[in-house]
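**Student:** Would you be able to build a 3D model of this:
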Amino acid sequence: MHQTTTATLLAWSRAFPAVPAQVREARQFLAAILDGRAAVPEAILCLSELVTNATVHSRSQEPGGDFRVRIQLHGSHLRVEVSDQGGPWTPPDSTDERNGRGLLIVDQLARAWGRTGNDQTGWTIWFEIECR
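**Tutor:** The predicted model follows:
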């Protein structure tokens with residue numbers, strides 16, 4: 001007899017004011033959800049980089065702006081999305097000494113990452129990590 005088990009897809013979403021103090025709040029939100037699973041430090045670092053980008057480099061930083069964090073956990077597969085309120089997209093730049101390193105860090109730690117959206121309606125940057 002062959003038995004198949006399917007993991008349940010769990011999802012969370014929360015909006016945060018786009019101010020620097022909320023980077024910590026977003027990290028705590030993810031840490032509470034992952035509660036001791038492996039790869040938590042890597043996932044939190046990736047989230048931190050994306051949230052920092054949303055608060056510093058997007059229109060979310062304008063008065064009243066916000067960003068949204070969406071988390072999906074399907075078995076050991078973690079997907080995290082950070083959506084902002086748009087603005088110009090600047091690709092990661094490994095030659096810039098002061099800026100542009102966040103997405104390079106995400107690229108090194110996550111098994112996959114990408115972006116959707118546009119500069120007018122907002123960007124969603126996502127990453128995926130195995131999190132046992």
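
**Student:** any idea how far residue 8 is from the spatially most central residue of the chain?
**Tutor:** Residue closest to the mean C-alpha point of the chain, counted by Cα atoms, centre = their mean, is residue 47 at 3.9 Å. Residue 47 sits 22 Å away from residue 8, taking Cβ to Cβ, to the nearest Å as the criterion. Bear in mind the C-beta positions are built from the backbone N, C-alpha and C, glycine included.

**Student:** coming back round to it: element containing the residue nearest to the centre of the chain?
**Tutor:** Using DSSP states H and E, the element containing residue 47 is helix 40-57.

**Student:** so the helix or strand just after that helix versus helix 40-57, what angle?
**Tutor:** Where DSSP H and E defines the elements, the next helix or strand beyond helix 40-57 is strand 66-74. Strand 66-74 runs at 160 degrees relative to helix 40-57, counting by axes from the mean of the first three to the mean of the last three Cα atoms, to 10 degrees.

**Student:** other SSEs contacting strand 66-74?
**Tutor:** Counting contacts by 3 or more Cβ pairs under 8 Å, 6 or more residues apart in numbering; DSSP states H and E, strand 66-74 packs against strand 9-17, helix 21-34, helix 40-57, strand 77-83.

**Student:** Run through this protein and note the low-pLDDT ranges.
**Tutor:** Within the chain, the segments meeting pLDDT under 70 span 1-5, 92-100.

**Student:** Is the spatially closest residue to residue 123 that is not a sequence neighbour in a helix, a strand, or coil?
**Tutor:** Excluding the flanking residues, the one nearest residue 123 by Cβ to Cβ, 6 or more residues apart in numbering is residue 117, at 4.3 Å. Assigned with DSSP: H, G, I helix; E, B strand; the rest coil, residue 117 falls in the strand class.

**Student:** just to revisit the earlier point, extract the CA atoms of the helix holding residue 47 and return them as PDB.
**Tutor:** Written as PDB, here are the backbone C-alpha positions of helix 40-57 (Å, rounded to 0.1, in the frame of the first residue of the first chain):
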ATOM      1  CA  VAL A  40      16.300  30.700  10.300                       C
ATOM      2  CA  PRO A  41      19.300  33.000  10.400                       C
ATOM      3  CA  GLU A  42      19.700  32.900   6.600                       C
ATOM      4  CA  ALA A  43      16.000  33.600   6.000                       C
ATOM      5  CA  ILE A  44      16.000  36.500   8.500                       C
ATOM      6  CA  LEU A  45      19.000  38.000   6.900                       C
ATOM      7  CA  CYS A  46      17.400  37.800   3.400                       C
ATOM      8  CA  LEU A  47      14.200  39.300   4.700                       C
ATOM      9  CA  SER A  48      16.200  42.100   6.500                       C
ATOM     10  CA  GLU A  49      17.900  43.000   3.200                       C
ATOM     11  CA  LEU A  50      14.600  43.100   1.200                       C
ATOM     12  CA  VAL A  51      12.800  45.200   3.900                       C
ATOM     13  CA  THR A  52      15.700  47.600   4.200                       C
ATOM     14  CA  ASN A  53      15.600  48.100   0.400                       C
ATOM     15  CA  ALA A  54      11.900  48.800   0.600                       C
ATOM     16  CA  THR A  55      12.300  51.400   3.300                       C
ATOM     17  CA  VAL A  56      15.400  53.100   1.700                       C
ATOM     18  CA  HIS A  57      15.100  52.700  -2.100                       C
END
